[in-house]
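> Build me a model:
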Amino acid sequence: MNPLSPEFWGAERGTLLAVLLPAIEEIAIAGANIGLDNLAQVGITLDPELTHAQAARWAREHTDALLDRFNTVTQGSVGEIVQNWIATPGATRADLEARLLPILNENVARAESVGVTEVTRAMAQGEYQSYAEAGIALPPMFSNGVDTAPFGPPAHPRCRCWTRVVRLPDNTWVTVWATNRDELVCQQKLKTPFGDVQGCKSLHNHVLSAGKYAGMTLTEAERTARNG
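Residues are numbered from 1 along each chain as shown. Predicted coordinates:
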């Protein structure tokens, strides 16, 4: 029996989907509720049913993309090691376990990092469903390495930043990046739709919404809106 058969990987994907999808969907809907609450505080009220459905749809699409990426990486790494082990005369099961251990340890560390990162992403994208329903311009679409979605947190692995909505003096509503306090020291080079920046610190209080204010600091956007 081929341990790397399509059936084997299909079963693994099904197991991961059953675990990941409910969690990511729950977090995305929680993010949508946060977005609804944020809007309610500034006088914008929406029916949550459509927003929740949109958040759930995003969760399914993103989970599929996430599993596609992990399956490709895992199948390539594990498959090569197992095939080499099979082709090695006299190789024992202990030899195989020793060869796989570095990958397994790496996957545990990666899983921990992905956990934090994907919670941040699901919350932000869930909030975006509420903002979009309210007619607030979302950030430009941007590849995050897994799929393509409106740009927002996370900016890097383990990022815990978020977004907020602000009304400018010309009554334009925009989405603004909010940097978590412990991320204010983050200065790693990041790619954004507005060019390269030096970490989350450089994104703090910058307008994300597509349009003429995109990439401006909130202060610059407010001044521009005030001066027409």
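> got a list of what the closest residue to residue 144 other than its chain neighbours touches?
Once flanking residues are discounted, residue 144 sits nearest to residue 121: 7.3 Å by Cβ to Cβ, 6 or more residues apart in numbering. Heads up, the C-betas are built off the backbone N, CA and C, glycines and all. Contact analysis of residue 121 by Cβ atoms under 8 Å, 6 or more residues apart in numbering lists 62, 144, 152-154.
> Local confidence estimate at residue 121?
Per-residue confidence (pLDDT) for residue 121: 91.
> and it, what helix or strand is that in?
Per DSSP states H and E, residue 121 falls inside helix 93-133.
> continuing past that helix, what's the next helix or strand?
Sequence order places strand 141-143 as the next helix or strand after helix 93-133, per DSSP H and E.
> I'd like the mean pLDDT over that next one, please.
The average of the pLDDT scores along strand 141-143 is 93.
> Centre of the chain to the very next helix or strand once past that strand, how far?
Note on strand 141-143: by DSSP H and E, the next helix or strand toward the C-terminus is strand 148-150. Computed by Cα atoms, centre = their mean, to the nearest Å, the separation of strand 148-150 from the middle of its chain amounts to 9 Å.
> mind listing what strand 148-150 pairs with, with the direction of each?
When pairs are called by DSSP bridges, strand 148-150 turns out to pair with strand 141-143 (antiparallel).
> pLDDT below threshold where in the protein?
The chain contains residues with pLDDT under 70 at 1-13, 16, 69-87, 91, 93-115.
> Strands of that one, start to end?
141-143, 148-150, 162-167, 173-178, 189-192, 195-198 (DSSP state E).
> Compute the inter-axis angle for the third one and strand 173-178.
Read it as strand 162-167. 150 degrees (axes from the mean of the first three to the mean of the last three Cα atoms, to 10 degrees).
> May I see the domains of this protein written out as residue ranges?
Following automatic domain parsing, the chain resolves into domains at 1-135, 137-228.
> okay, which residue is most central for this protein?
With distances taken as Cα atoms, centre = their mean, the residue of the chain nearest its centroid is residue 121 (3.1 Å).
> what's the burial count for residue 220?
The local packing of residue 220 (other Cβ atoms under 10 Å) involves 14 other residues.
> What's the separation between residue 211 and residue 221?
Distance check for residue 211 against residue 221: by Cβ to Cβ, to the nearest Å, it reads 10 Å.
> Which residues are in contact with each of these two?
Between them, residue 211 and residue 221 share the contacting residues residue 174, judged by Cβ under 8 Å, 6+ apart.
> The two: which is more packed in?
residue 221 (26 against 12).
> If we ignore the residues flanking it in sequence, what's nearest that one?
Per Cβ to Cβ, 6+ apart, closest to residue 221 is residue 213, 4.2 Å.
> Kindly report the same for residue 219.
residue 205 (7.5 Å).
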